[in-house]
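S.K.: Sequence first, then the predicted structure, then my questions.
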There are 2 protein chains.
Amino acid sequence: MPGPIQSIERAAAVLRLLARGSGHHGLAEISASLGLPKGTAHGILRTLQRVEFVEQDQATGRYRLGAALLHLGTSYLDANELRSRSINWSDTLAARSGQEVRIGMHLDGAVLVVHHVFRPDDTMQTLGIGAMLPLHATALGKVLLAYDADLSGMVRRRELTSLTRRTIVTAAALERVLAQVRAAGWASEAEECMPGEASIAAPIRVPGGLVVGAIGISGAVDRICDSASRPKPELVEQVTFAAEAVSRSLAAGS
Amino acid sequence: MPGPIQSIERAAAVLRLLARGSGHHGLAEISASLGLPKGTAHGILRTLQRVEFVEQDQATGRYRLGAALLHLGTSYLDANELRSRSINWSDTLAARSGQEVRIGMHLDGAVLVVHHVFRPDDTMQTLGIGAMLPLHATALGKVLLAYDADLSGMVRRRELTSLTRRTIVTAAALERVLAQVRAAGWASEAEECMPGEASIAAPIRVPGGLVVGAIGISGAVDRICDSASRPKPELVEQVTFAAEAVSRSLAAGS
DNA sequence: GCAAGCGGTCGGCATTGTCGAACGACCACC
DNA sequence: GGTGGTCGTTCGACAATGCCGACCGCTTGC
């Protein structure tokens, strides 16, 4: 792959940096974080501002993400085949299981949520589309790791951040779990990401077997697991069924 | 404002182009649309692909938007003060009026929807966050036009596309309506955007009076308007009240 | 009141991206 | 089954482009 364009890569790095911390970032902070001279960083920000990818706080002069990105993000959703193919089956799965449903795919060392169906009974839940979840502490993430050797290799070299007392933090333990996932064809997690919460997920494949995403349910531990702290078999069956249905739908469509 | 960076502006133009049409675009089409040599367009796309702002269809070689944009879009939402300040009042307005509520702001000659509350009774509605609505055919858009001279000047020089039989298509008629909006402090629309649908909106201001957004309700014509085809006064009052509440919240916070 | 930090500006230098032509793969149509 | 057209991609020479570090005016916090 011949030379990528430097300024565009830098602009993307600026946007990624602004996306972290969800607050306002100063020019000095940005240029220091990326190791760029102030003048260079300012030129990039000035240009991103012109195209409304970045906004500047009039009072403080600090920078934040711009409105044009919101429209680009939803335009991506409209064109995303994984999402459009899985919407119907997600609703079905949510109704049958009585739990909230998420579709995730890999992005940048994390799980990107591309679709989210609220739990049928509950009303107020925060919209999760576009959120990033940890790979090693969610059922969705374990599925993506289990079927992507490059990805699991990358994660193994990284520190596994502990989110609860139950989070898997050693590479060896994670590898054992991933082997189980590959053997079983589905993954689960109980209180490894959030106390009191558990989840189950299964892989979505394209023809040829490549795993492009995962579908899963999540909810209170006592709703997802039985008395022996094992995922309820009927829920596992519902999730794997939905995953296969979406995979078939991806294969059929185009 | 000294020189913007050419390649970044071009990359942004590519992304905007890909966002239109929601489908897959070929390299030749992109380079032709932007008036760039094929080689140059390819370099930009190659770089955008590296940072996952763009994906390429393995089979056809065509390009589409990438997953990283989804996360940037939702990160923008998290940091957007207009949205966070208006969430509570939007829920209240939806409950009182019984209609769906939208918060809009100006982006690139259109209305960008930054928040959306479903109609309380109805269940299945498509999520509207991130959508772009026409300025001249929606109540939200009329509000934004009425209080932004630059914007209304820009729109006046543009062809007003007709969406229904009732859409305002002449600059003179639009200017008359905008004067009424300024006089009344709110805007309405009936079947100018979609047959059978009507809407009411009012401006959201920051301290100093600058209009930064609009909040409005929309629904079936016979729910929004009375028998004389005029917006129901009690709904107008609820909308303007909500708009002022959000404006006060913006003033108080930060 | 001073100094340290901020965001913003400027202009010389050379690195960087631009550009048009050529390449191989693919498809569709004679 | 050739064959023309179109697709995405590569390459290398040129010079226009964007990079960079020093400098400016301003606010903020000692």
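M.R.: Good, I have the coordinates.
S.K.: Residue A:74 and DNA strand D, how far apart?
M.R.: 24 Å (Cβ to the nearest atom of the strand, to the nearest Å). Any C-beta I mention is one placed from the backbone N, CA and C, and that applies to glycine too.
S.K.: which residues in chain A form helices?
M.R.: With DSSP state H, the ranges of helices along chain A come out as A:6-19, A:27-34, A:38-50, A:68-79, A:81-97, A:139-146, A:149-156, A:171-184, A:221-224, A:233-252.
S.K.: for these, which one sits closest to residue A:127?
M.R.: Residue A:127 lies closest to helix A:68-79 among those, at 12.2 Å (Cβ to Cβ).
S.K.: The closest one - contacts with which helices or strands?
M.R.: For helix A:68-79, the helices and strands in contact under the criterion 3 or more Cβ pairs under 8 Å, 6 or more residues apart in numbering or on different chains; DSSP states H and E are helix B:6-19, strand B:63-65, helix B:68-79, strand B:110-117.
S.K.: Let's see that with 6 Å instead.
M.R.: The elements that helix A:68-79 packs onto, with contact taken as 3 or more Cβ pairs under 6 Å, 6 or more residues apart in numbering or on different chains; DSSP states H and E, are helix B:6-19, strand B:63-65, helix B:68-79.
S.K.: pLDDT averaged over it, what's the number?
M.R.: For helix A:68-79, mean pLDDT is 94.
S.K.: for it, which positions count as buried?
M.R.: A:68, A:69, A:70, A:71, A:72, A:73, A:74, A:75, A:76, A:77, A:79 (16 or more other Cβ atoms under 10 Å in any protein chain shown).
S.K.: How about the contacts made by the fourth one?
M.R.: If I follow you right, that is residue A:71. Residues near residue A:71 by Cβ atoms under 6 Å, 6 or more residues apart in numbering or on different chains: B:130, B:132.
S.K.: ok, now how distant is it from residue B:76?
M.R.: Residue A:71 sits 10 Å away from residue B:76, going by Cβ to Cβ, to the nearest Å.
S.K.: What of the last one?
M.R.: If you measure residue A:79 against residue B:76 using Cβ to Cβ, the figure is 19 Å.
S.K.: do the same with residue A:163
M.R.: 25 Å.
S.K.: Equivalent analysis for residue A:87, please.
M.R.: Distance from residue A:87 to residue B:76, by Cβ to Cβ: 23 Å.
S.K.: Ok, residue A:65 next?
M.R.: For residue A:65, the distance to residue B:76 - Cβ to Cβ - is 4 Å.
S.K.: do residue A:15 as well
M.R.: Separation of residue A:15 from residue B:76 (Cβ to Cβ): 10 Å.
S.K.: Ok, residue A:181 next?
M.R.: Distance from residue A:181 to residue B:76, by Cβ to Cβ: 34 Å.
S.K.: go on, residue A:100?
M.R.: 24 Å.
S.K.: and if you look at residue A:238?
M.R.: For residue A:238, the distance to residue B:76 equals 35 Å [Cβ to Cβ].
S.K.: now do residue A:75
M.R.: Per Cβ to Cβ, residue A:75 is found 14 Å from residue B:76.
S.K.: Return the residues of the stretch 1-150 of chain A in contact with chain B.
M.R.: A:4-5, A:7-9, A:11-12, A:15, A:19, A:22, A:43, A:47, A:50-51, A:64-65, A:67, A:69-76, A:78-79, A:107, A:112, A:130, A:132 (Cβ under 6 Å from any Cβ of the partner chain).
S.K.: Show the model's pLDDT score for residue A:118.
M.R.: With respect to pLDDT, residue A:118 scores 88.
S.K.: what's around it, how many residues?
M.R.: Under the neighbour criterion other Cβ atoms under 10 Å in any protein chain shown, residue A:118 is assigned a count of 16.
S.K.: again with residue A:4
M.R.: Neighbours of residue A:4 (other Cβ under 10 Å): 15.
S.K.: With residue A:172 instead?
M.R.: Neighbours of residue A:172 using other Cβ under 10 Å come to 9.
S.K.: What distance do you get for it to chain B?
M.R.: 30 Å (Cβ to the nearest Cβ, to the nearest Å).
S.K.: Could you list the low-confidence segments of the stretch 51-200 of chain A?
M.R.: When residues are selected by pLDDT under 70, those of the stretch 51-200 of chain A lie in A:122-125.
S.K.: Return the nearest residue of it with respect to DNA strand C.
M.R.: Of all residues in the stretch 51-200 of chain A, residue A:61 sits closest to DNA strand C, at 3.4 Å by Cβ to the nearest atom of the strand.
S.K.: ok, the residue of chain A found nearest chain B - contacts?
M.R.: Closest to chain B within chain A is residue A:73: 2.1 Å, counting by Cβ to the nearest Cβ. Residue A:73 makes contacts with B:69, B:70, B:73, as judged by Cβ under 6 Å, 6+ apart.
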